[in-house]
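Student: Need the 3D shape of this:
(2 chains)
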Protein chains: 2
Amino acid sequence: MKFSSKTLEKAVEAVSALPSIGKKSALRLVLHLAANKGDKKKRLVEALEALTNDLKTCQKCYNYSDTELCDICSDMVRNDKQICVVESVKDVMAIESTQQYSGVYHILGGVISPLEGIGPEDLNIDSLIQRLKDEEIGELIMAISPTIEGDTTIYYISKLIDTEITISTIARGVSFGGELEYADELTLGRSIHSRTVYNNSVSS
Amino acid sequence: MKFSSKTLEKAVEAVSALPSIGKKSALRLVLHLAANKGDKKKRLVEALEALTNDLKTCQKCYNYSDTELCDICSDMVRNDKQICVVESVKDVMAIESTQQYSGVYHILGGVISPLEGIGPEDLNIDSLIQRLKDEEIGELIMAISPTIEGDTTIYYISKLIDTEITISTIARGVSFGGELEYADELTLGRSIHSRTVYNNSVSS
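Tutor: Prediction:
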């Protein structure tokens, strides 16, 4: 790609450094912004600067927040005896959008992955253990990716906990609306192994 | 989507205001930027501010440029007797990448489209006519989209020119590497109508 302007070229470079945006998409976005007479550029600049200056991380659960404690941690109505342990902010948003959980969260910031050089010390595990000591937690719900790394992380955390806290994992099985023949063997095998008693679940 | 932070929400709004970026992609980009420890955000902000402050439009051809006259217009080696008339900056980049054209350009900024409320006065047509008066132009190559609006624009411009300038349009026909059976009727019909003499084109 040959650019008529260094300014244009630098802008395309900066935009295409973002994930899943190629040079062509970046050029399209930059030309759109360059031609925009409104305040799109200004609003983007302000938003990016706010990300640097104003965005905080909740001191308790590591969720993004505008304040020291996030809305969820400071919400007195929520059940603070239950901590749902997740990998990322995105997972919190996904679980919140189900409206099925009323406890609090703890964001690990990833999973243990020796291949990628991510060890327990790179994750928010120490602070989780500290929370279990400081707060009265009854249950730890592990909502971690069902991968080998995820399972390793759950195992590692469970070994650090010697108190009588219930540790649960979210159910793994066939997706709702999915067809059995398209489920992979491992998922299907696990879903048979972890079957729930129908009578009980209906009557309860 | 429920956000844990107003700052995050505003950033997602600003990013999803860009064309072909939905809320989900915007969230992914913003979370990537928020988590980025490097200077990605800073470089983006600088690039956006440079687009506002430093990006100029060439006074002759309306291409984006860092200077009053763009690299192409100020290049003494190029043939300034030929003007290629295009719709946008992207078209200049596309033609430049073919390395088949050594003349100069004139960017209209669009085509005449009554449906979208774009009239001749919204395009850089007056300045094109002025260039034809001021400069010694031998040929005007119309590289405009082969649409009704494009054809209308070519016709409109051709009617304004009463001097002995040659007006040509880029060839319209089947794509190189394309198969005839997949070409649409209009394109195939036109390509038969505008056939070139094979003997001549080989011998010339």
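
Student: and the most centrally placed residue in chain A, what is it in contact with?
Tutor: Centroid check for chain A by C-alpha atoms, centre = their mean gives A:Ser88 as the closest residue, at 2.2 Å. Listed by C-beta atoms under 8 Å, 6 or more residues apart in numbering or on different chains, the contact partners of A:Ser88 are A:Ile107, A:Gly109, A:Gly110, B:Leu31. The way it works is simple: take the backbone N, C-alpha and C, and place the C-beta from them, glycine included.

Student: Which members of these are the farthest-apart pair?
Tutor: The largest separation in these, counting by C-beta to C-beta, is between A:Gly110 and B:Leu31 at 12.9 Å.

Student: Off-centre distance for stretch A:113-121?
Tutor: How far stretch A:113-121 lies from its chain's middle: 17 Å, per C-alpha atoms, centre = their mean, to the nearest Å.

Student: ok, that stretch near chain B or not?
Tutor: No. Judged by C-beta under 8 Å from any C-beta of the partner chain, stretch A:113-121 stays clear of chain B, getting no closer than 13.7 Å.

Student: buried sites along that stretch?
Tutor: A:Ser113, A:Ile118 (16 or more other C-beta atoms under 10 Å in any protein chain shown).

Student: Check stretch A:46-60 too.
Tutor: A:Ala47, A:Leu48, A:Ala50, A:Leu51, A:Leu55, A:Thr57, A:Cys58, A:Lys60.

Student: Most neighbours among the contacts of A:Ser88, which one?
Tutor: A:Ile107 (25 neighbours; other C-beta atoms under 10 Å in any protein chain shown).

Student: Show me what the helix or strand hosting A:Arg131 is in contact with.
Tutor: Under the criterion of DSSP states H and E, A:Arg131 resides in helix A:125-134. Contacts with helix A:125-134, where a contact means C-beta under 8 Å, 6+ apart, come from A:60, A:62, A:83, A:85, A:106, A:108, A:137, A:140, A:156-157, A:160-161, A:163, A:165.

Student: Repeat that for stretch A:23-31.
Tutor: A:1, A:8, A:11-13, A:15-16, A:18, A:21, B:18-21, B:51, B:88-90, B:93.

Student: any idea of the mean pLDDT in that stretch?
Tutor: For stretch A:23-31, mean pLDDT is 93.

Student: and it, C-alpha only, in PDB?
Tutor: The C-alpha trace of stretch A:23-31 is given here as PDB (Å, rounded to 0.1, in the frame of the first residue of the first chain):
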ATOM      1  CA  LYS A  23      -4.400  -3.000   6.900                       C
ATOM      2  CA  LYS A  24      -7.400  -2.700   4.600                       C
ATOM      3  CA  SER A  25      -9.900  -2.300   7.400                       C
ATOM      4  CA  ALA A  26      -7.600   0.200   9.200                       C
ATOM      5  CA  LEU A  27      -7.300   2.300   6.000                       C
ATOM      6  CA  ARG A  28     -11.100   2.300   5.700                       C
ATOM      7  CA  LEU A  29     -11.500   3.400   9.300                       C
ATOM      8  CA  VAL A  30      -8.800   6.100   9.000                       C
ATOM      9  CA  LEU A  31     -10.300   7.500   5.800                       C
END
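
Student: Mind listing what's buried along the lengthiest strand in chain A?
Tutor: Ranked by residue count and defined by DSSP state E, the top strand of chain A is strand A:79-86. Residues of strand A:79-86 classed as buried by neighbour count (16+ other C-beta under 10 Å): A:Asp80, A:Gln82, A:Ile83, A:Cys84, A:Val85, A:Val86.
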